[in-house]
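>>> I would like to see how this sequence folds:
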Amino acid sequence: MRAAIALLDGGATVPFISRYRKEATGGLSDTQLRLLDERLGYLREFDERRAAIAKAIEEQGKLDDGLRAALAAATTKAALEDLYLPFRKKRRTKGEIAREAGLEPLADRLWAEPCLVPETTASAFVDAARGVSDAQAALDGARAILIERFAEDATLVARLRERLTGDGFLCASVLAGKAPDGAKFSDYFDHQERFSRVPGHRALAMFRGRSEGVLALKILLPEADGHGDAACVSTVATHVRFVDRGEPADAWRRQVVAWTWKVKLVSRLETELFLALRERADAEAIGVFAANLRDLLLAAPAGPRPTLGLDPGFRSGVKVTVIDRTGKVVDHETIYPHQPRNRWKESLATLAALCARHDVELVAVGNGTASRETEKLADAVIAAATAGPVMTKVSVSEAGASVYSASELAEREFPDLDVTIRGAISIARRLQDPLAELVKIDPKAIGVGQYQHDVSQSALARSLEATVEDCVNAVGVDLGTASAALLSRVAGLSPALATNIVQYRDEHGAFPTRAALKKVPRLGPKVFEQAAGFLRVVGGEDPLDASGVHPESYPVVKRIVEHAQRPLADIIGDGAWLRALDPTRFMDERFGEPTVRDILAELEKPGRDPRPEFKTASFADGVEKIGDLVPDQVLEGQVTNVTAFGAFVDVGVHQDGLVHISALSETFVKDPREVVKAGDIVKVKVMSVDVARQRIGLSMRLSDSARDADDGRPRRGGRPPAGERGGPTRREPPRKATPRDEPPSALALSLEAALTKP
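Sure, this is the predicted structure:
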């Protein structure tokens with residue numbers, strides 16, 4: 001752990017540490033290292049805050065040994081802030097004003113001696129000159145002093161926080177008059193579930209309902225008498241040792257206890273707990289987004305094959321481009337096969353000529369508007385071809401293509417091409433190599449997120465950038481063809497250095513070796529160390545440069561070659577011989593067994609690609625729009641997005657259908673990613689079709705019948721809390737939690753679907 005921290009502090013990148021410093025870290029993965037880095041940052045910030053608080057209290061002359069020990073024992077930021085609250089500089093409060101008026105002795109006497117009559121005792125503290133006009137004013141001031149004292153008790157606050165977190169229910173209710181305009185949130189008009197078990201996606205939906213002024217949210221403890229605040233008031237009373245025995249001052253003391261909760265603590269703790277819930281929900285949503293992005297980036301590449309890219313459209317025509325096996329644009333056109341021009345034969349001839357001229361092997365059809373009609377055109381071209389290579393048609397996601405087309409990067413790559421043609425290029429290239437093309441697009445524009453506009457955008461950006469970096473370095477980058485955008489994602493390389501590498505390659509030709517990288521301006525030894533292992537020189541002078549073996553480890557390979565007494569070229573790929581070697585034989589003080597094992601694996605399959613075999617989905621003929629779908633129809637589709645509540649599947653009708661988590665498998669599924677991931681080819685059954693609202697319900701349990709399917713409506717957990725906003729109110733408590741593994745209603749599914757899609 002300490003070695004990993006030292007490496008991170010020394011500027012080493014996560015991919016480099018994970019791949020090439022396994023001895024130092026004990027084999028920590030990139031995910032574990034990023035969690036370590038994040039936690040390390042939190043703890044360091046936490047310690048800095050602890051020191052700052054201790055210093056601030058010490059400057060006030062109030063830091064005794066007990067408080068110092070309590071600060072040292074605090075394990076959360078909330079606990080630290082609870083301890084600091086009585087000493088924090090703040091605006092003059094009612095309690096401070098009362099203390100300045102000399103009312104603290106009154107507060108202490110009435111609290112300690114309940115046998116006193118409050119009005120009589122308070123009359124002795126009336127002092128118009130100090131702002132205490134009568135006995136009632138004195139009692140109000142004394143009450144304010146006690147309320148502040150109790151509300152700033154760190155132990156009490158911690159007890160209440162723990163109770164609300166562990167036993168509380170999150171209750172949502174519709175605000176008066178908001179039901180008609182907030183119909184999409186109707187599943188939460190009368191909703192309760194345990195606060196500790198609220199899934200992130202439901203929490204984000206309710207938070208959005210609150211931000212749009214439709215829902216009111218409250219955290220309540222269950223209470224048999226129907227008074228939702230009673231349990232918390234009881235906790236306060238127990239902590240401050242208040243027992244109502246009918247003494248003269250007990251009514252006044254009871255009011256102090258109740259107001260401590262209702263006036264001072266309820267809003268503070270609810271705000272804090274809602275913030276914690278949002279952070280947890282954000283983390284879940286960001287994790288889902290990152291996992292989907294990883295699956296998409298690591299999708300199977302079709303490979304370096306000449307490709308025809310088609311960006312479909314009706315009035316604007318179909319934008320056509322041809323790229324060679326290296327991704328270079330060799331031809332482009334615009335055709336108008338569909339309405340209103342209907343130049344089908346002319347378009348067919350144009351495409352046939354392009355395919356024959358450039359020996360096209362792949363046809364990439366964007367899956368947007370007019371995609372199924374354009375697929376028919378592609379099928380006709382393939383069927384009419386009598387010579388040349390066999391062509392394969394593939395439907396390709398257009399997500400983010402328009403964003404790339406209008407970007408500064410696309411402008412630099414293709415300054416002389418129209419924006420629409422750039423979109424067709426992106427579609428074709430992402431079929432050849434999804435990773436190399438998608439890194440050019442802002443990950444948030446790719447469309448695989450869950451509530452992505454509701455979460456912390458800075459945290460989302462950090463997570464997605466890390467995911468892209470990990471994917472690029474897991475696959476490796478070809479120095480001979482990589483774009484600056486792709487190179488900039490390699491460990492240790494900045495965008496400026498990536499540009500320098502491309503410029504150097506353009507001026508001097510392909511890199512003959514990895515070592516030649518050192519000639520690139522501003523690429524120093526530290527950068528070379530971090531980046532070299534992830535860069536590939538295919539067909540160069542040294543075969544090791546095409547592998548994942550780091551140049552620093554070449555001496556280990558030399559010892560293996562000397563032991564074999566065979567040329568390196570004969571050893572590479574000889575799996576049986578390599579697997580029979582004892583890794584410990586080639587270890588030294590720098591390179592241990594994990595590194596030697598990695599080297600042997602690389603020699604067996606140098607430059608191996610971790611991505612899966614390329615496969616395509618076959619959409620059903622005659623199913624081109626949502627109106628063509630009928631219940632119980634079984635179709636093949638491709639998973640486009642996985643969320644906490646299910647998976648979206650493209651079945652070829654321009655609108656993804658939702659397979660709810662309850663319909664992913666015959667057995668219980670806790671996490672949809674246990675069953676599917678973005679890019680998977682799956683069989684689904686149509687369960688429901690709502691043409692008006694563009695909603696499709698699907699099931700991967702092919703034995704399901706749409707006729708017999710449960711509507712999935714959750715059992716409600718009782719009435720939501722009622723009452724006015726903005727002050728102490730009586731709340732009706734929750735009576736039962738909504739089971740977390742029940743499928744939500746159709747309205748909830750449509751809401752989740754609408755909020756999930758970007």
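
>>> check contacts around residue 36.
Neighbouring residues of residue 36 by CB atoms under 8 Å, 6 or more residues apart in numbering: 1, 4-5, 8, 28. Just so you know, the C-beta spots here come from the backbone N, C-alpha and C atoms, and that holds for glycine as well.

>>> cool, and residue 289?
Residues in contact with residue 289 (CB under 8 Å, 6+ apart) are 443, 448-450, 452, 460, 463-464.

>>> may I see the buried residues of the one helix or strand residue 267 maps to?
For residue 267, the element it lies in under DSSP states H and E is helix 266-297. Neighbour-count burial for helix 266-297, counted by 16 or more other CB atoms under 10 Å, picks out 266, 269-270, 272-274, 277-278, 281-282, 284-286, 288-297.

>>> circling back: which of the contacts of residue 36 has the most neighbours?
residue 4 (22 neighbours; other CB atoms under 10 Å).

>>> could you check how far the nearest residue to that one once chain neighbours are set aside is from residue 3?
Nearest non-adjacent residue to residue 4, counting by CB to CB, 6 or more residues apart in numbering: residue 25, 4.4 Å away. Note on residue 25: its distance to residue 3, by CB to CB, to the nearest Å, is 6 Å.

>>> let me see the backbone angles for residue 193.
phi -160, psi 160 (degrees, to the nearest 10).

>>> just the pLDDT for it.
Looking at residue 193, its pLDDT is 94.

>>> same deal with residue 442?
Reported pLDDT for residue 442: 88.

>>> now swap in the one 5 residues further on and tell me
Confidence at residue 447, expressed as pLDDT, is 73.

>>> which element is it on?
For residue 447, there is no enclosing helix or strand under DSSP H and E.

>>> burial of it, as a residue count?
Residues near residue 447, counting by other CB under 10 Å: 20.

>>> for residue 204, see how far away residue 285 is.
Taking CB to CB, one finds residue 285 at 6 Å from residue 204.

>>> what do those two both touch?
Shared contacts of residue 285 and residue 204, defined by CB under 8 Å, 6+ apart, are found at 451, 454-455.

>>> so residue 25 and residue 3 - more neighbours on which side?
residue 25 (21 against 14).

>>> test my guess that the more buried one contacts residue 17.
Yes - under the criterion of CB atoms under 8 Å, residue 25 makes contact with residue 17 at 6.2 Å.

>>> identify the contacts common to the two.
Counting by CB under 8 Å, 6+ apart, the residues touching both residue 25 and residue 17 are 4, 7, 33.

>>> format these as CSV; extra columns: distance to residue 380 and pLDDT.
What follows is the shared contacts of residue 25 and residue 17, written out as CSV (distance: CB to CB, whole Å; pLDDT from 0 to 100):
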residue, distance to residue 380, pLDDT
4, 58, 93
7, 58, 93
33, 52, 94
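
>>> return the member of those residues nearest to residue 347.
Nearest to residue 347 among these, counting by CB to CB, is residue 33 at 52.0 Å.

>>> my guess is the closest one contacts residue 25, does it?
Yes - taking CB under 8 Å as the definition, residue 33 is a contact partner of residue 25 at 7.2 Å.

>>> list residues touching both of these two?
Joint contacts of residue 33 and residue 25 (CB under 8 Å, 6+ apart) are 4, 17-18.

>>> just these: which are in helices?
Secondary structure from DSSP state H places 4, 17-18 of the shared contacts of residue 33 and residue 25 in helices.

>>> and stretch 90-104, C-alpha only, in CSV?
Extracted in CSV, the C-alpha atoms of stretch 90-104 (Å, rounded to 0.1, in the frame of the first residue of the first chain):
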residue,chain,number,x,y,z
LYS,A,90,-21.5,32.6,13.0
ARG,A,91,-24.1,35.4,12.9
ARG,A,92,-25.5,36.6,16.3
THR,A,93,-28.1,34.1,17.2
LYS,A,94,-31.1,34.4,19.5
GLY,A,95,-29.2,32.4,22.1
GLU,A,96,-26.2,34.7,22.0
ILE,A,97,-28.4,37.8,22.3
ALA,A,98,-30.1,36.1,25.3
ARG,A,99,-26.8,35.3,26.9
GLU,A,100,-25.7,38.9,26.5
ALA,A,101,-28.9,40.0,28.2
GLY,A,102,-27.9,37.8,31.2
LEU,A,103,-30.5,35.1,30.8
GLU,A,104,-28.3,32.1,30.9
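
>>> chain center to that stretch, what's the gap?
With CA atoms, centre = their mean, to the nearest Å as the basis, stretch 90-104 stands 47 Å off its chain's centre.

>>> leaving out the residues flanking it, which one is nearest to residue 505?
Nearest to residue 505 is residue 511, by CB to CB, 6+ apart, at 6.6 Å.

>>> can you check residue 651 too?
Nearest one to residue 651, counting by CB to CB, 6+ apart, is residue 637 at 4.0 Å.

>>> so which helix or strand takes in the one you found?
Judged by DSSP H and E, residue 637 forms part of strand 634-643.

>>> please save the CA atoms from that strand in CSV.
Extracted C-alpha coordinates of strand 634-643, given in CSV (Å, rounded to 0.1, in the frame of the first residue of the first chain):
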residue,chain,number,x,y,z
VAL,A,634,-39.2,-12.7,-30.3
LEU,A,635,-36.5,-10.5,-31.8
GLU,A,636,-32.7,-10.3,-31.8
GLY,A,637,-31.2,-7.0,-30.6
GLN,A,638,-28.2,-5.3,-29.2
VAL,A,639,-27.8,-3.9,-25.7
THR,A,640,-27.2,-0.2,-25.9
ASN,A,641,-27.3,0.8,-22.2
VAL,A,642,-27.4,-0.9,-18.8
THR,A,643,-28.9,0.9,-15.8
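
>>> and that strand, what's buried?
Buried residues in strand 634-643, defined by neighbour count with 16+ other CB under 10 Å: 635-643.

>>> isn't residue 489 up against residue 475?
No - in this structure residue 489 lies outside contact range of residue 475 using CB under 8 Å: 10.3 Å.

>>> residues contacting stretch 323-338, please?
With contact meaning CB under 8 Å, 6+ apart, stretch 323-338 is reached by 304-307, 309, 313-314, 317-322, 342-344, 346-348, 350-351, 354, 357-358, 370, 373-374, 377, 414, 417, 420-421, 424-425, 428-429, 432-433, 436, 481.

>>> buried sites along that stretch?
Across stretch 323-338, burial judged by 16+ other CB under 10 Å covers 323-324, 327, 329, 332-338.

>>> likewise for stretch 532-543?
Judged by neighbour count (16+ other CB under 10 Å), stretch 532-543 contains these buried residues: 532-537, 540, 543.

>>> what's the farthest-apart pair in those residues?
Within these, 534 and 543 form the most distant pair, 17.1 Å apart (CB to CB).

>>> and residue 292, what is it in contact with?
Residue 292 is in contact with 448-449, 641-642, 677-678, counting by CB under 8 Å, 6+ apart.

>>> tell me who's in contact with the closest residue to it other than its chain neighbours.
Of all residues not flanking residue 292 in the chain, residue 448 sits nearest, at 3.7 Å (CB to CB, 6+ apart). Contact analysis of residue 448 by CB under 8 Å, 6+ apart lists 289, 292-293, 296, 399, 640-642, 678.

>>> and those as JSON lines, adding pLDDT and distance to residue 93?
As requested, those are arranged in JSON lines below (pLDDT from 0 to 100; distance: CB to CB, whole Å):
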{"residue": "289", "pLDDT": "91", "distance to residue 93": "43"}
{"residue": "292", "pLDDT": "90", "distance to residue 93": "49"}
{"residue": "293", "pLDDT": "92", "distance to residue 93": "48"}
{"residue": "296", "pLDDT": "90", "distance to residue 93": "53"}
{"residue": "399", "pLDDT": "87", "distance to residue 93": "53"}
{"residue": "640", "pLDDT": "89", "distance to residue 93": "54"}
{"residue": "641", "pLDDT": "89", "distance to residue 93": "50"}
{"residue": "642", "pLDDT": "91", "distance to residue 93": "50"}
{"residue": "678", "pLDDT": "88", "distance to residue 93": "53"}
